[in-house]
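In: my questions are about this predicted structure, shown below with the sequence.
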Amino acid sequence: MRILVVEDEERLAEALGEIMKSQRYTVDIVHDGESGYDYAMSGIYDAIILDVLLPKMDGFEVVRNMRAAHNTTPVIMLTARDGTEDKIKGLDCGADDYLTKPFIPGELLARVRAVSRRQGEVVLNELQFEDVKLDLSNYTLRTEQRSINLGPKEFDIMRMLMFSPNVIVPKEDILVKVWGTESDAEDNNVEVYISFLRKKLKHLTSHVQIATIRRIGYRLEVNPDC
Ligand code: CA
């Protein structure tokens, strides 16, 4: 999962980042509303944690502008005040949930899981394609006989491939979704992780393979030789 944190209080922003990293989520942090809006509009996030009181553009405006631009990324608003008005205003502007500061990390994480699940049409704990299953709760890839753990980037790439089996997933999409727009990662980073995944699929003795579609991307498919 990739999370955007928009919070101007640096210590809190850092703490939020650590909470997300503890779950092996990838996190980007920005400190004002304008940057928050720009990052949010990249569409690469699974959820956004958005403070209300922010410089340049407040949180209400950020979420209102996002929704006006048809961006549906789930948003959790953080408010320092527990006034009902702020909560109602946030939800009216298009936020999915809110949390009052101070909060406990466990509650924030539960809400992040809930809103990111809601975005999909069905609640998924597992993706399956042919003889291979990807467990979304513990980063495990397995077949009937064997299982193996995936690193965070391997997991993100495998999840993208398994969401659309037999369909070409452009390398560019993988780069942006897994490494982010601000990263200086290059095409060969993707190639390296694809080669890791191929080794793991081989270890699992799966019939599934990752085919390279030259100059375009990758496709998860059944190995025709099996
Ligand atoms: Ca603030």
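Out: That came through fine.
In: residues in this protein within reach of the ion, list them.
Out: 8, 51, 53 (C-beta under 5 Å from the ion). (C-beta placed from N, C-alpha, C; glycine too.)
In: would you mind measuring from the nearest residue in space to the first one that is not next to it in sequence to residue 16?
Out: Pointing back at residue 8 there. The shortest distance from residue 8 to any non-neighbouring residue, by C-beta to C-beta, 6 or more residues apart in numbering, is to residue 31 (4.9 Å). Counting by C-beta to C-beta, to the nearest Å, the gap from residue 31 to residue 16 is 12 Å.
In: of those two, who's got more company?
Out: Counted by other C-beta atoms under 10 Å, residue 31 and residue 16 do not tie: residue 16 has more neighbours, with 23 against 17.
In: I'd guess the more buried one is in a helix, am I close?
Out: Yes - secondary structure of residue 16 (DSSP: H, G, I helix; E, B strand; the rest coil): part of a helix.
In: for it, which non-adjacent residue is closest in space?
Out: Using C-beta to C-beta, 6+ apart, the nearest residue to residue 16 is residue 5, at 4.7 Å.
In: could you verify my assumption that that neighbour touches residue 13?
Out: Yes - the pair residue 5 and residue 13 qualifies as a contact (C-beta atoms under 8 Å) at a distance of 5.8 Å.
In: could you point out where the chain is predicted with low confidence?
Out: For the chain, the stretches flagged by pLDDT under 70 are 81-83, 118-124, 181-182, 226.
In: quick one: contacts for residue 99?
Out: 76-79, 107-108, 111 (C-beta atoms under 8 Å, 6 or more residues apart in numbering).
In: give me the element it is part of.
Out: strand 97-100 (DSSP states H and E).
In: ok, now residue 43?
Out: Per DSSP H and E, there is no helix or strand for residue 43.
In: so who does it touch?
Out: Contacts of residue 43 (C-beta under 8 Å, 6+ apart): 71, 73.
In: anything in contact with each of residue 31 and residue 16?
Out: residue 7.
In: any buried residues in the strand or helix carrying residue 19, and which?
Out: Residue 19 belongs to helix 10-22 when assigned by DSSP H and E. Using 16 or more other C-beta atoms under 10 Å as the test for burial, helix 10-22 gives 12-13, 16-17, 19-20.
In: before we move on, back to that, quick one: the residue nearest to residue 8 from residue 115, how far?
Out: 22 Å.
In: sheet partners, orientation included, of the strand holding residue 99?
Out: Using DSSP bridges, the strands paired with strand 97-100 are strand 75-79 (parallel).
In: and the strand it pairs with, how far out from the chain's middle?
Out: From the chain centre to the centre of strand 75-79 is a distance of 17 Å (C-alpha atoms, centre = their mean, to the nearest Å).
In: cool, and stretch 169-185?
Out: That offset, for stretch 169-185, works out to 12 Å (C-alpha atoms, centre = their mean).
In: what's the answer for stretch 3-21, then?
Out: Centroid separation for stretch 3-21 versus its chain: 15 Å, with C-alpha atoms, centre = their mean.
In: hang on, the earlier thing: now which of the contacts of residue 99 would you call buried?
Out: The neighbour-count test (16+ other C-beta under 10 Å) marks 76-79, 108, 111 as buried among those.
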